[in-house]
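Undergrad: Requesting a structural model of the entry that follows:
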Amino acid sequence: MGIDTSNLTFFVALQASILLGLLHGISPCGHSWPILAPFCISSKNLKKALTICTFFCLGTIIACIFLGAFLGLVGNIIPQKWDAYFGMITAFILVILGIIMIVKPELLHFEDEEEQKIEEKAKLALSGKAEEALNEKNKKFRYGVQCGMFSIGFINMILPCPTASIMYTYALVSKSIITGTTIFLSYALATSLVLFIISYLIGKTTKFFRNLSDEKYEMLINRISGLLIIGFGIYMIFTESKLL
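TA: Below is the predicted model:
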């Protein structure tokens, strides 16, 4: 009995997406919990902190559904006879990207010193406004913060992220809206799970998260993600080469 390589590849891609989603949630990059931290801290209320997190995660989830469906649809445009070649090319790109993430992880997410200062000032200003508004029970501003967090979550996912390269690749080669959406949604849900846990714990202690935001931890997480991406890329090379 032959092995259905398409189902096997989907299962591997699904597992990789979940693992990368968990890592993405933990990683102190600009697409993850550091955006939520100032708002969660300034809210001084677990319910409000989780509400802010919910809107951020909803934006991320909806963006993932859109991306997965769109890429699955675009994949149908690619002629079937090109599938194996397209899969091989994208697999090699994944391996190269994974190697870069291991050897030079700082190239992917670390901003210039000046950009970091500007970002920190902006976050402090935003957190201060959020605290003042929440303390005064200003509903209009609170809804504005919630809509803003939804927009940030959506835009952050739409912008290409190296850790999401597996999903972009597999959603295209799958030629299926359902499959593409499932892969991206699994990534978003795994990320959201971590963000909810962090939002809950962040009100309990801040020392751990200050330490976690250190550059060395982001480099470590990027390297782990790089290993996963290389592994999936090599797996794709072997499976696609059988179709040539």
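
Undergrad: drop to CA atoms for contacts and neighbour counts, all remaining ones
TA: Will do.

Undergrad: Next up, phi/psi of G180, please.
TA: phi -60, psi -40 (degrees, to the nearest 10).

Undergrad: Give the burial count for G98, as a bare number.
TA: 28 (other C-alpha atoms under 10 Å).

Undergrad: All the strands of the chain, in order from the start?
TA: For the chain, strands defined by DSSP state E do not occur.

Undergrad: Just the buried positions in the longest helix belonging to it, please.
TA: Identified as the longest helix of the chain according to DSSP state H is helix 46-75. Across helix 46-75, burial judged by 16 or more other C-alpha atoms under 10 Å covers 46, 48-75.

Undergrad: so what's V194 closest to, chain neighbours aside?
TA: Counting by C-alpha to C-alpha, 6 or more residues apart in numbering, V194 lies nearest to G25, which is 5.3 Å off, once chain neighbours are set aside.

Undergrad: Would you confirm that the one you found contacts S192?
TA: Yes. Here G25 reaches S192: they are 7.0 Å apart, a contact under C-alpha atoms under 8 Å.

Undergrad: okay, and the common contacts of those two?
TA: Between them, G25 and S192 share no contacting residue under C-alpha atoms under 8 Å, 6 or more residues apart in numbering.

Undergrad: worst-scoring helix or strand of the chain, pLDDT-wise?
TA: Each helix and strand of the chain was given a mean pLDDT (mean pLDDT, DSSP states H and E); the minimum falls on helix 113-135 at a mean of 50.

Undergrad: distance of L67 from Y170?
TA: L67 is 12 Å from Y170, where distance means C-alpha to C-alpha, to the nearest Å.

Undergrad: Find residues that contact each of those two.
TA: In contact with both L67 and Y170: G180, using C-alpha under 8 Å, 6+ apart.

Undergrad: For the protein, which segments are assigned as helices?
TA: Under DSSP H, the chain gives helices at 5-26, 33-43, 46-75, 83-103, 106-109, 113-135, 139-158, 165-174, 177-202, 207-212, 215-241.

Undergrad: average pLDDT for the longest one?
TA: Mean per-residue pLDDT for helix 46-75: 85.

Undergrad: just the shortest one next, same as before
TA: When pLDDT is averaged over helix 106-109, the result is 54.

Undergrad: again, but for the first one
TA: Regarding helix 5-26, the rounded mean pLDDT is 75.
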